[in-house]
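>>> okay, predicted coordinates and the sequence, questions at the end:
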Amino acid sequence: MRPKAELHLHIEGTLEPELVVELARRNRIDLPTFDVEAIRARYSFANLQSFLDVYYENMAVLRTEEDFYDLATAYLRRAAAQGVRHAEIFFDPQAHLSRGVPLEVVFGGLSAALKDGGMSAALILCFLRDRGPEEAEEVLRAALPYRERFIGVGLDSAEVGYPPSLFRRVFDIAAAEGLRRVAHAGEEGGPDYVWEALDILRVERVDHGIRAMEDPQLVARLRAERIPLTVCPLSNVRLRAVPSLRDHILPAMLDEGLVVTVNSDDPAYFGGYVDDNYEALRRELGMTDDQLDRIARHSFEASFAYEPA
Ligand code: HPA
Ligand code: ZN
């Protein structure tokens, strides 16, 4: 299998229905159903928000260090089987803090899993943009005692209505701490969100970024500065950012000379892990081995912390 790095992966989005049920039983949490197929049957989404509603609801089963350890360990195993040699993994501390799960528990479980996982891997702390900039700053300050456990910060959750410019201060603080910077932009939001992420947040990679293609000047900027884009094709189809894989703009992005990478985003919800995304591009879009090899090379070039074994 083609070696690759995965750079756009929410650890909470790897929570498979089987693990939801197992952790609910372990933590004595009542679920609307304990039938994994019934859980999976809910995974039909109209847009980003309808996915986020289910994503936040399911992650309520994550309570203990062991839960976070098991979650990340399961992901690393699956990723290795898909040819992943290095992973930069998003996590959403606010989604756990708001449920009363302390940072110590989240960092404890995730860091231990990465240490034991036998793969080059690192964590990126994401701010939930719909909880606003003040709370983002509080979370960053609370996480600074764990500064050596994560390499960067990102921005995720509901995009439209929460432009990157709101988060200038917290990204400035992160930069001063030597943290790497990424942001989701141009998934549902327009090219203006991508411009703001570059100019105001000084991001070093753009997560999704597919709508950047609507603005030729922006495309020229991304190409000239070799700013990588972490594209997630199956996610875009499932969240209806594109009508079908055959309509995906990814081949055109590659033809434009952009540093495009392919990633799984929330694989437990979107029907495939990272190599399944590569395979779907071959099957549905006729992308060639040459093109897919280029994308895999980009993934290592775009990584912040790859440490070859
Ligand atoms: N977009 C925004 N926020 C998210 C996503 C996504 O695709 N997945 C998990 N949080
Ligand atoms: Zn994402």
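Great, that's in hand. Ligands and ions are numbered 1, 2, ... in the order given.
>>> so how far is Asp192 from the residue in the chain that ligand 1 sits nearest to?
Ligand 1 sits closest to Asp156 of the chain, with a gap of 3.6 Å, by C-beta to the nearest ligand atom. Quick note: C-beta positions are derived from backbone N, CA and C, even for glycine. Distance check for Asp156 against Asp192: by C-beta to C-beta, to the nearest Å, it reads 18 Å.
>>> quick check, distance from stretch 76-96 to the centre of its chain.
9 Å (C-alpha atoms, centre = their mean, to the nearest Å).
>>> can it be said to contact ligand 1?
No - between stretch 76-96 and ligand 1, judged by C-beta under 6 Å from any ligand atom, nothing touches; the nearest distance is 6.9 Å.
>>> partners of the residue of the chain closest to ligand 1 in the sheet?
Residues in a beta bridge with Asp156, per DSSP bridges, are Leu128.
>>> who are the contact partners of it?
His10, Phe90, Asp92, Cys126, Phe127, Leu128, Arg129, His184, Asp207 (C-beta atoms under 8 Å, 6 or more residues apart in numbering).
>>> list the contacts of the closest residue to the last one other than its chain neighbours.
It stands for Asp207. Leaving aside its sequence neighbours, Asp207 sits nearest to His184 (C-beta to C-beta, 6 or more residues apart in numbering; 4.3 Å). When contacts are counted by C-beta under 8 Å, 6+ apart, His184 is found next to Arg129, Gly154, Leu155, Asp156, Glu159, Asp207, His208.
>>> mind listing the strands for the stretch 51-200 of the chain?
In the stretch 51-200 of the chain, the segments counted as strands under DSSP state E, counting those that start in this stretch are 84-91, 120-128, 152-156, 180-185.
>>> give me the contact list for the first one.
Yep, that's strand 84-91 we're talking about. Counting by C-beta under 8 Å, 6+ apart, residues outside strand 84-91 touching it are 3-12, 72, 75-76, 79, 106, 110, 114, 119-126, 151-152, 154, 156, 274, 300, 303-309.
>>> relative to strand 120-128, how tilted is it?
Interaxial angle, strand 84-91 versus strand 120-128 (axes from the mean of the first three to the mean of the last three C-alpha atoms, to 10 degrees): 20 degrees.
>>> quick one: mean pLDDT over strand 84-91.
The pLDDT scores in strand 84-91 average 98.
>>> rewinding a little: show the buried residues in the contacts of Asp156.
His10, Phe90, Asp92, Cys126, Phe127, Leu128, Arg129, His184, Asp207 (16 or more other C-beta atoms under 10 Å).
>>> identify the residue nearest Met287 in space, chain neighbours excluded?
Nearest to Met287 is Leu281, by C-beta to C-beta, 6+ apart, at 4.4 Å.
>>> got a list of what the one you found touches?
Pro233, Leu245, His248, Leu250, Val262, Met287, Leu292.
>>> could you pick out which of those residues are near ligand 1?
Of those, not one also sits near ligand 1 (C-beta under 6 Å from any ligand atom).
>>> spell out which parts of the stretch 201-309 of the chain neighbour ligand 1.
Ser235, Asp265, Asp266.
>>> confirm that the first one sits in a helix.
It refers to Ser235. Yes - counting by DSSP: H, G, I helix; E, B strand; the rest coil, Ser235 falls inside a helix.
>>> now do the same contact list for the spatially closest residue to it that is not a sequence neighbour.
In this structure, Ser235 finds its nearest non-sequential neighbour in Asp265, 3.8 Å apart by C-beta to C-beta, 6+ apart. When contacts are counted by C-beta under 8 Å, 6+ apart, Asp265 touches His8, Leu9, His10, Gly13, Cys232, Leu234, Ser235.
>>> please apply the same query to Arg226.
Here Arg226 is in contact with Val259 (C-beta under 8 Å, 6+ apart).
>>> okay, it: pLDDT?
Confidence for Arg226, expressed as pLDDT, is 98.
>>> on that earlier part again, buried members of the contacts of strand 84-91 into ChimeraX, please.
A single ChimeraX command is used to select the members of these judged buried by 16+ other C-beta under 10 Å:
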select :4,5,6,7,8,9,10,11,12,72,75,76,79,106,110,114,119,120,121,122,123,124,125,126,151,152,154,156,274,300,303,304,305,306
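>>> so of the contacts of strand 84-91, which ones are in helices?
Ala72, Tyr75, Leu76, Ala79, Val106, Leu110, Leu114, Val274, Phe300 (DSSP state H).
>>> how many residues are close by the closest residue to the first one other than its chain neighbours?
The one in question is Ala72. Spatially, and ignoring its direct neighbours in sequence, Ala72 is nearest to Ala113 (3.5 Å; C-beta to C-beta, 6+ apart). For Ala113, the neighbour count with other C-beta atoms under 10 Å is 22.
>>> please apply the same query to Ala24.
17.
>>> cool, and Ala176?
Residues near Ala176, counting by other C-beta under 10 Å: 8.
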